[in-house]
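**Q** Here is my input; please provide its structure:
(chains A and B)
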Amino acid sequence: MRYRYTFLTLCRFEPSVRLHSFKLRVLPMESAVQHALESHVSVTPCVQLCQSTDAFGNAILYGTLRESHEQFVVCSEGRVEKSSEPLSAPSPAPYYHYATALTAWDASLQALCQGRSPEDIMHVLHSRLQYERFVTDNSTTALQALTLGRGVCQDYAHLMIAGCRAAGYAARYVSGLVEGEGETHAWVEVHEEDGWHAYDPTHDSRAGEGFLKIAHGRDASDCPVNRGRFYQWTSEIMEVKCKVTHDTDSDFT
Amino acid sequence: MKELLSARETVNRWMERFGVRFGVYKSGVFHEQLFPFDAIPRKIPAEEWAMLEKGLVQRVKALNAFLYDIYHEKHIVEDGVIPKEFTYESKGYMPECEGITPACDIYAHIAGIDLVQAKDGRWLVLEDNLRIPSGASYPMIARTVTRKASPQTFRDNLIEDNRNYGEMLREMMDYVNGGRGINVILTPGRYNSAFFEHSYLAEKTNATLAFPGDLIVEGDKVYYQGMNSLQRVGAIYRRVSDEYLDPLAFNPESLLGVPNLMEVYRAGQVAVINALGNGVADDKGIYYFVPRMVQYYLHEEPILQNAPTYLPFFQQDYEYILDNIDRLVIKDVAEAGGYGVMFGRDMSPERIEEVRQLIVSDPRRWIAQEVVDFIDLDIIDESGKPSPRKCDLRAFVITGRETKVWKSGLTRFSRQPDSFVVNSSQGGGFKDTWVMVKGDD
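**A** As a prediction, this is how the structure comes out:
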């Protein structure tokens, strides 16, 4: 299936900042099941962009804006061809087996998940959380979200990762864009025999069609869209807008 | 020698004027204290040094091979020589460094290997320090000062010169730099416990001393921002720990780091000394396996032995430790600087029970060692009389084109006569280490 995507990140600084170094994860991930037919990234103010790939395989764009600016806009757009097959991989990297600060588990979570399939773990844990915004943040751990009983996609993903790792599976955090959603989304991939299988614990379903992967890692802290550092005390407002649609024209060409 | 001892007041006064200081944080407050120097040197005969040298070179080569392996193919784990728990669960293992190949494949450019000499004469390794081993400047400056205070002593004794440490560092820095740009020493700043050393080494290696904010990434290269110009940087001897080195890759709160340095490093556009991720090889838990690394990577028998060590992770050791806590030293693998070290013989029965519970609840976190009865060396105490102290030796091993041992080292002694903890963060002082030239043993 082919998709068109637009992924816009907008930062406003008050007062303006200078010597702003940034690191972006805004390009679709290349893999055997996802391939960008076309991709373009523009950054305003205009600046030289360098490209690299981090240890997890994510495409990185980075640079430094020396001059003072009040706005920082990143627009990533293009077309992607994607299949909903699992991504085959003989053996997962070892670090996807171990707890991180955000995905640590305790004995009771382990007891709850032990012996279950990833799908089953997703069902069980999905029922423990209510979707609610603004009750958790970037630093909320899987166990904190579980205790609270509420959270957003990031919390659902962390909890499922913790549960799967506790049950002996390698699991990783995925961030990306979803057809029909205006914001970035987070889901999970679990390694089962033949490869990585994608699950969307927020919606208690498989993550197949319409899920465009941007980045993956041990947890959300490996996948931030935009990290920056500048020399100014400032308030920063960040806005993200995404759009994914079927690329119907090109399906037939 | 007598002349040197009688000059000890002069020596200490000079040291003070040089600003040989050591900073410590106690209860969150920064104190700077002089690091007391004792004028009686530790002498190591040439023959003995030759053996130590061989053993140290061998050990550091194996540690470098291990670091390369862990961040690439991981053969040693796949082959079952080291259990995966001791690598991937180690605090020092950094998945962010997976697949990065540092300049010239070197990870531990500067290794500080801590040894003690047992009463039977054997040297035993207590700890490998592969992240930012400090302390080389103290014997360097002590030698300079004692040579001035008592030139006769150095005419009467044939001692290997140790004033070449700066040259050794510089040679190594130039080698990994590969002509890409200037060499810098990155210091966290004035309030770091080893600031004196950073500035001293910058002077001795002819490198630029850089403060946070002096280094900037432009394009895929690092630059030093001078008054009016940018200079390309080819090698960074950083005295800032991994987690603070790049706020966009690690701790976002860090004010000490260089944003996007990690990307430049990954691209092979700058050498970072020592490499990132070395903590996985100097963890107190991985220490147990270093002799096996020597066999595995070099196909040689280890020349230097570890102090007898037990890992509660292994069932047999676990039982032995629980039965013998009262006579063992228990160490927390996550701690350094003499913290998290507990001597069974000093503990009350209640405390022993507590420690037993700690080990039972998290066996991976602890190691146990036999108390090594290591030799005493005399110091001149406050009353001016000789008094025995426990001493260790930090040997500095530099890896550039070749792996070489600095013919000197930092000999530290405990503050109290009955203390076995020899660490500058815990009080105590240091001695010069004389490696004797053959024929003057």
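**Q** Tell me how many other residues surround B:I380.
**A** Number of residues near B:I380 (other C-beta atoms under 10 Å in any protein chain shown) recorded here: 14. Yep, even glycine has a C-beta here, placed from its N, CA and C like the rest.
**Q** Same question for B:R415.
**A** 14.
**Q** where does it land in three-state SS?
**A** At B:R415 the chain is in coil, as set by DSSP: H, G, I helix; E, B strand; the rest coil.
**Q** I'd assumed B:K390 was in contact with it.
**A** No: in this structure B:R415 lies outside contact range of B:K390 using C-beta atoms under 8 Å: 10.1 Å.
**Q** Identify the contacts common to those two.
**A** Both B:R415 and B:K390 lack any common contact, where contact means C-beta atoms under 8 Å, 6 or more residues apart in numbering or on different chains.
**Q** host element of B:V60?
**A** Element membership of B:V60, judged by DSSP states H and E, is helix B:46-70.
**Q** Give me the next element, helix or strand, following that helix.
**A** helix B:75-78.
**Q** list the helices and strands that next one packs on?
**A** Judged by 3 or more C-beta pairs under 8 Å, 6 or more residues apart in numbering or on different chains; DSSP states H and E, helix B:75-78 is in contact with helix B:46-70.
**Q** same thing but 10 Å
**A** helix B:46-70, helix B:85-88 (3 or more C-beta pairs under 10 Å, 6 or more residues apart in numbering or on different chains; DSSP states H and E).
**Q** Those helices: which one's closest to chain A?
**A** Set against chain A and scored by C-beta to the nearest C-beta, the helices and strands packed on helix B:75-78 come closest in helix B:85-88, at 4.8 Å.
**Q** what's the next secondary structure element after the closest one?
**A** Next helix or strand after helix B:85-88 toward the C-terminus (DSSP H and E): strand B:110-117.
**Q** what distance separates that next one from the middle of the whole chain?
**A** Mean-position distance between strand B:110-117 and its chain equals 7 Å (C-alpha atoms, centre = their mean, to the nearest Å).
**Q** now the angle between helix B:46-70 and it, please.
**A** On the basis of axes from the mean of the first three to the mean of the last three C-alpha atoms, to 10 degrees, strand B:110-117 is oriented at 130 degrees to helix B:46-70.
**Q** Between strand B:110-117 and the helix or strand just after strand B:110-117, find me the angle.
**A** Counting by DSSP H and E, the next helix or strand C-terminal to strand B:110-117 is strand B:123-129. Calculated by the same axes, to 10 degrees, strand B:123-129 forms an angle of 150 degrees with strand B:110-117.
**Q** Can I get whatever helix or strand comes next after strand B:123-129 as CSV, trimmed to CA atoms?
**A** Note on strand B:123-129: by DSSP H and E, the next helix or strand toward the C-terminus is helix B:137-149. Listed next in CSV are the C-alpha coordinates belonging to helix B:137-149 (Å, rounded to 0.1, in the frame of the first residue of the first chain):
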residue,chain,number,x,y,z
SER,B,137,49.5,14.7,37.4
TYR,B,138,50.3,14.1,41.1
PRO,B,139,53.4,12.0,40.6
MET,B,140,54.4,14.1,37.7
ILE,B,141,54.5,17.3,39.7
ALA,B,142,55.9,15.5,42.8
ARG,B,143,58.8,14.4,40.7
THR,B,144,59.4,17.8,39.3
VAL,B,145,59.4,19.3,42.8
THR,B,146,61.5,16.7,44.5
ARG,B,147,64.1,16.9,41.8
LYS,B,148,64.4,20.6,42.6
ALA,B,149,64.4,20.1,46.3
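**Q** quick one: pLDDT of the residue positioned nearest the centre of chain A?
**A** Chain A has A:S175 as the residue nearest its centroid, 1.2 Å off, counting by C-alpha atoms, centre = their mean. If you check A:S175, the pLDDT there is 98.
**Q** Sticking with it, tell me its helix or strand.
**A** strand A:171-178.
**Q** Any part of that strand near chain B?
**A** No: Strand A:171-178 stays clear of chain B (C-beta under 10 Å from any C-beta of the partner chain), getting no nearer than 11.1 Å.
**Q** name the helices or strands packed onto that strand?
**A** Short answer (3+ C-beta pairs under 10 Å, 6+ apart): strand A:171-178 packs on strand A:2-17, helix A:153-166, strand A:184-192, strand A:195-200, strand A:211-217, strand A:235-246.
**Q** mind redoing it with 6 Å?
**A** Strand A:171-178 sits against helix A:153-166, strand A:184-192, strand A:211-217, with contacts defined as 3 or more C-beta pairs under 6 Å, 6 or more residues apart in numbering or on different chains; DSSP states H and E.
**Q** residues in contact with the first one?
**A** When contacts are taken as C-beta atoms under 6 Å, 6 or more residues apart in numbering or on different chains, the neighbours of helix A:153-166 outside the stretch itself are A:102-103, A:105, A:109-110, A:113, A:118, A:121-122, A:125, A:129, A:136, A:140, A:142, A:145-146, A:171, A:173, A:185-186, A:188, A:190, A:201-202, A:220.
**Q** what's the distance between B:I325 and B:V355?
**A** Note on B:I325: its distance to B:V355, by C-beta to C-beta, to the nearest Å, is 6 Å.
**Q** Ok, B:R190 next?
**A** Between B:R190 and B:V355 the computed distance is 39 Å (C-beta to C-beta).
**Q** Between the two, point out the one with more neighbours.
**A** Between B:R190 and B:V355, B:V355 has the larger neighbour count (other C-beta under 10 Å), namely 21 against 12.
**Q** which residues sit in contact with the more buried one?
**A** Contact analysis of B:V355 by C-beta under 6 Å, 6+ apart lists B:325, B:330.
**Q** Can you say which helix or strand has it in it?
**A** With DSSP H and E as the test, B:V355 turns up in helix B:349-361.
**Q** Can you read off the pLDDT for the most far-flung residue of chain B relative to its centre?
**A** Largest separation from the mean C-alpha position in chain B: B:N228, at 36.8 Å (C-alpha atoms, centre = their mean). On the pLDDT scale, B:N228 is placed at 82.
**Q** Can you classify it by secondary structure?
**A** Following three-state DSSP, the label given to B:N228 is coil.
**Q** near chain A, which residues of chain B?
**A** Residues of chain B that fall close to chain A, judged by C-beta under 6 Å from any C-beta of the partner chain: B:88-89, B:95-96, B:98-99, B:218-220, B:247-248, B:259-260, B:263, B:266.
**Q** other SSEs contacting the top strand by length along chain B?
**A** Across chain B, the longest stretch assigned as strand under DSSP state E is strand B:386-399. Packed against strand B:386-399 by the contact rule (3+ C-beta pairs under 6 Å, 6+ apart) you find helix B:46-70, strand B:110-117, strand B:376-380, strand B:410-413.
**Q** If you count contacts, what does the second one end up packed against?
**A** When contacts are defined as 3+ C-beta pairs under 6 Å, 6+ apart, strand B:110-117 sits against strand B:123-129, strand B:386-399.
**Q** ok, 10 Å please
**A** helix B:46-70, strand B:123-129, helix B:165-177, helix B:279-282, strand B:386-399, strand B:403-405, strand B:410-413.
**Q** Please spell out which residues along the longest one are buried.
**A** Across helix B:46-70, burial judged by 16 or more other C-beta atoms under 10 Å in any protein chain shown covers B:46, B:48-49, B:52-53, B:55-70.
**Q** and the residue lying closest to B:Y310 once chain neighbours are set aside, what does it touch?
**A** Counting by C-beta to C-beta, 6 or more residues apart in numbering or on different chains, B:Y310 lies nearest to B:D317, which is 3.9 Å off, once chain neighbours are set aside. By C-beta atoms under 10 Å, 6 or more residues apart in numbering or on different chains, B:D317 lies in contact with B:288, B:309-311, B:363, B:367-368.
**Q** quick one: which of the residues you listed sit in helices?
**A** Per DSSP state H, helices hold no members of the contacts of B:D317.
**Q** Perfect, that will be all.
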